[in-house]
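Engineer: Sequence first, predicted coordinates after that:
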Amino acid sequence: MSNHSIKPNQAVDLAEAIYLLTSTPSQSDAVKAVKLRYGNTFEILGNSPIAAKTGGPGFLKCRTAFGLCLMGRKQFEGHSFIVFRGTDFLADWLTNLNATLSRSSNNQPVHTGFSETFKSLRPQLIALMRQLSGTKIHCIGHSLGGAVASLCAEWIELAYNTKPCLYTFGAPRVGLHGFVSVHTRTLGSTNFYRVHRRSDIVPHVPIWPFIHAPFQGRTYRLPAIGALPSSNDHSIGLYADSIGDKSWQTLTEPQSNAGSDAAVERWLLDKTFVGVTADSLEWLGKAMVYVLERCMAGAARLLSLAGSTQLTILDSIAFMLEKGISVSETVSRWVFYLVRKILLLLGRPDIAEGADITQAFLRQVLLELQQKVNGMVRRVIDQSLVNGHSV
């Protein structure tokens with residue numbers, strides 16, 4: 001194997017195997033199942049799973065087996081692996097309309113739910129890190145596990161001055177611009193292996209201003225299964241099937257001009273009805289950046305400070321859009337086009353004509369969009385609970 005990264009099928013196999021923690025009667029049975037699957041290829045450090053406090057906002061938090069720390073043997077000699085699974089509580093975090101921001105290891109704004117999960121297991125990682133000294137570390141996770149793996153890789157780089165490789169599959173967005181920018185710079189964009197399926201809606205939430213790392217770096221994409229998001233799109237088993245024996249080069253998402261200003265303007269001006277899909281959410285995110293940067297210079301960066309103000313993220317966006325209306329007639333038009341596009345997504349485009357676009361109106365439109373997207377996410381994640389495998 002390479003002295004740097006592992007192959008796509010090796011990474012996704014570990015991301016899938018970690019769900020043995022939820023499909024066996026006990027932790028000891030899970031450890032036995034992992035050993036049976038891999039033989040002497042890996043040594044399970046601590047001989048037990050890493051436990052984390054999981055549970056959505058307002059729910060009782062309980063410790064559950066959430067990950068494994070593995071030392072590579074044979075062809076993986078000199079490599080170590082920290083692998084995290086997903087959980088059905090991801091739906092609770094992603095659909096929480098009052099989600100707040102916390103600070104990551106690098107003091108950058110991230111989703112509080114993901115941050116709390118990582119912090120609950122960090123003391124166990126500290127106890128294990130001494131045994132990983134001198135190895136190439138790989139952080140791996142699917143769904144919520146991918147979000148936690150991202151925070152884990154950030155922490156390891158900062159605390160131990162070593163750059164892990166980070167592999168995520170169908171992971172949600174973890175933080176705002178500040179987190180993504182610093183995380184990309186400190187870990188190095190070549191250490192990111194973010195794999196997503198084009199039709200998987202989970203990587204598109206939380207909606208903007210949350211964004212993905214690496215910032216303007218290479219990502220890896222699998223083809224869509226269908227036009228509308230479904231539980232199959234997010235299944236780790238189908239991620240593994242789609243990857244097969246493909247190389248990272250084959251999976252690399254092609255660069256395009258889809259995010260150019262001209263392309264975004266064409267999308268905003270198009271009055272054709274569009275439903276809420278993974279593609280439309282991607283376009284909407286680009287359009288939000290385009291319009292807000294014209295409303296207020298560096299709006300995306302300013303929102304990174306939202307965690308230190310009394311305004312929610314929704315309030316901050318509504319505030320800036322309203323301010324943009326008074327900047328100039330040109331900016332005001334783009335705010336209107338953005339609102340009209342969101343209302344198209346909601347199936348109510350006629351409301352835009354003649355509407356008094358106040359901060360309260362803008363917030364309500366954004367809230368309805370968030371509620372619709374979150375409802376779809378919850379259905380996809382709930383339907384993905386198959387044979388005891390949480391996502």
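Structural biologist: Here it is on my side, so go on. Numbers count the residues shown, from 1 in each chain.
Engineer: Now do the strands for this structure: every range, in order, please.
Structural biologist: Assigned by DSSP state E, the chain shows strands spanning 42-44, 50-54, 62-72, 79-84, 101-103, 109-111, 136-142, 165-169, 192-197, 220-222.
Engineer: highest average neighbour count across those?
Structural biologist: Among these, ranked by average contacts under mean count of other CB atoms under 10 Å, first place goes to strand 165-169 (a mean of 29). For the C-beta atoms, the positions are set from N, CA and C on the backbone; glycine is no exception.
Engineer: So in that sheet, which strands flank that one, and in what orientation?
Structural biologist: Applying DSSP bridges, strand 165-169 is found paired with strand 136-142 (parallel), strand 192-197 (parallel).
Engineer: okay, and for the stretch 1-150 of the chain, where does confidence drop off?
Structural biologist: Along the stretch 1-150 of the chain, the model assigns pLDDT under 70 to residues 1-3, 47, 53-63, 88-99.
Engineer: Which one of the strands of the chain lies nearest to Pro206?
Structural biologist: strand 109-111 (6.4 Å; CB to CB).
Engineer: I'd guessed Gly146 sits against Gly170; true?
Structural biologist: Yes - the pair Gly146 / Gly170 is scored as a contact, 6.8 Å apart, by CB atoms under 8 Å.
Engineer: Now do the helices in the stretch 51-200 of the chain.
Structural biologist: For the stretch 51-200 of the chain, helices defined by DSSP state H, counting those that start in this stretch occupy the ranges 90-94, 112-132, 144-160, 177-187.
Engineer: got a markdown table for these, with mean neighbour count too?
Structural biologist: Formatted as a markdown table, the helices of the stretch 51-200 of the chain follow (neighbours: other CB atoms under 10 Å):
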| stretch | mean neighbour count |
| --- | --- |
| helix 90-94 | 24 |
| helix 112-132 | 18 |
| helix 144-160 | 25 |
| helix 177-187 | 21 |
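Engineer: Ok, which of the ones you listed comes nearest Leu36?
Structural biologist: Closest among these, using CB to CB: helix 144-160, at 21.5 Å.
Engineer: so what secondary structure elements neighbour that closest one?
Structural biologist: Helix 144-160 is packed against strand 62-72, strand 79-84, helix 112-132, strand 136-142, strand 165-169, helix 177-187, with contacts defined by 3 or more CB pairs under 8 Å, 6 or more residues apart in numbering; DSSP states H and E.
Engineer: could you give the angle of it to helix 112-132?
Structural biologist: The directions of helix 144-160 and helix 112-132 differ by 50 degrees, with axes from the mean of the first three to the mean of the last three CA atoms, to 10 degrees as the criterion.
Engineer: what angle sits between helix 144-160 and helix 177-187?
Structural biologist: Using the same axes, to 10 degrees: helix 144-160 against helix 177-187 is 60 degrees.
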